[in-house]
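> output the structure for:
(one chain, ligands or ions: 1)
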Amino acid sequence: MKLPTEAPIGLLGGTFDPIHFGHLRLAEEAHETLGLGQLRLVPAGEPPHRGTPRSPAEDRLAMARLAVEGNSRLAVDDIEIRHEGPSYSVLTLTRLREEIGTHHPLVLLLGADAFEGLATWHRWTDIFDLAHVAVANRPGYAPHGRRWPEVLSPELAKACEGRVLKSADQLRASPAGGILPFDMTPLAISATLIRDLLHHGHSARYLLPDPVLDYIAARQLYGGSAS
Ligand code: ATP
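Numbers count the residues shown, from 1 in each chain. So this is what the prediction gives:
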């Protein structure tokens with residue numbers, strides 16, 4: 001089969017409150033394993049599936065930019081912060097499609113926990129018309145590829161029927177519609193853990209980049225004195 005020359009564009013959305021090495025390794029390993037041309041980290045403006053973030057959008061954006069500094073593989077896209085209203089992935093992907101056209105392969109990256117909840121997202125089935133979905137393992141969450149479909153909810157299992165790809169090469173064969181589980185180095189890091197550590201005055205060093213920790217300390221985010 002002749003593959004299109006365009007390497008897929010990957011998108012990792014998140015609250016990034018704050019961004020940490022779990023996000024960054026997911027992005028870095030997805031870039032390599034999935035053969036992506038670019039990878040955009042997209043901080044949510046108003047995340048619709050959870051409470052208000054602890055840090056303002058501008059700080060979460062600034063921390064994401066600091067985190068990828070010096071890494072030409074990763075870029076930060078402020079598309080969800082520029083647009084007012086809830087940051088629905090389906091809207092973000094629609095806007096990106098307006099920017100890149102209908103043919104270029106797009107890959108929405110999700111950790112296993114996010115994929116597990118996909119069927120609760122706004123217009124979630126439309127996402128498959130706009131992008132492929134690649135799912136990374138995450139410690140503590142079951143639904144990784146090798147155990148699909150039995151660990152998925154019935155509606156998600158049904159949506160997966162006929163979509164699960166066997167290799168990253170297949171991402172190039174069409175602009176959207178596939179689901180690909182992939183392995184990353186398991187890292188049991190979460191933003192919740194980091195916020196809790198900082199809030200209680202504990203060190204969060206080596207869970208996230210030093211420049212991000214310095215920013216947190218300078219802006220006195222997350223209410224603690226330690227970094
Ligand atoms: P919180 O603890 O505040 O819920 P989080 O650490 O889960 O935050 P998010 O910004 O909600 O971070 O996550 C953005 C995306 O990154 C999601 O798809 C999530 O599954 C994924 N992700 C975050 N941390 C990890 C990790 N350690 N391993 C794999 N995927 C991760």
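> which parts of this structure sit against the ligand?
14-17, 22-23, 26, 110-111, 113-114, 136, 138, 187, 189-192 (Cβ under 6 Å from any ligand atom). No exception for glycine: its C-beta is placed from N, CA and C like everyone else's.
> go again using 5 Å as the cut-off
Taking Cβ under 5 Å from any ligand atom as the criterion, the chain approaches the ligand at residues 14-16, 22, 26, 110-111, 113-114, 136, 138, 187, 189-192.
> taking the residues you listed, please make a PyMOL selection of just the buried ones.
Per 16 or more other Cβ atoms under 10 Å, the buried members of the residues of the chain next to the ligand correspond to this PyMOL selection:
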select buried, resi 14+15+16+22+26+110+111+113+114+136+138+187+189+190+191
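> now intersect the residues of the chain next to the ligand with the helices, please.
Those of those mapping onto helices are 22, 26, 113-114, 191-192, per DSSP state H.
> just checking, residue 213 touches residue 203?
No: using Cβ atoms under 8 Å, residue 213 makes no contact with residue 203, being 9.1 Å away.
> before we move on, the earlier item: biggest separation within the ones in helices among the residues of the chain next to the ligand, which pair?
Greatest spacing in those, by Cβ to Cβ: 26 and 192 (16.2 Å).
> contact partners for the residue nearest to residue 14 when sequence neighbours are not counted?
Nearest residue to residue 14, sequence neighbours excluded (Cβ to Cβ, 6 or more residues apart in numbering): residue 23, at 6.0 Å. Residue 23 sits next to 12, 14, 16, 41, 67 when contact means Cβ atoms under 8 Å, 6 or more residues apart in numbering.
> and which of these is nearest to the ligand?
residue 14 (2.7 Å; Cβ to the nearest ligand atom).
> the closest residue in space to residue 57 that isn't next to it in sequence: which element?
In space, and not counting its chain neighbours, residue 57 is closest to residue 81: 4.7 Å by Cβ to Cβ, 6+ apart. Element membership of residue 81 [criterion: DSSP states H and E] is helix 79-82.
> ok, then the element right after that helix?
helix 89-100.
> who's in contact with that next one?
9, 11, 13, 42, 79-80, 83, 85, 106, 108, 121-124, 126-127, 130-131.
> restricted to strands, list these.
Judged by DSSP state E, strands contain the following of the contacts of helix 89-100: 9, 11, 13, 42, 106, 108.
> what sits against the nearest residue to residue 82 once chain neighbours are set aside?
Excluding the flanking residues, the one nearest residue 82 by Cβ to Cβ, 6+ apart is residue 45, at 7.8 Å. Residue 45 makes contact with 57, 80-85, 87 under the criterion Cβ under 8 Å, 6+ apart.
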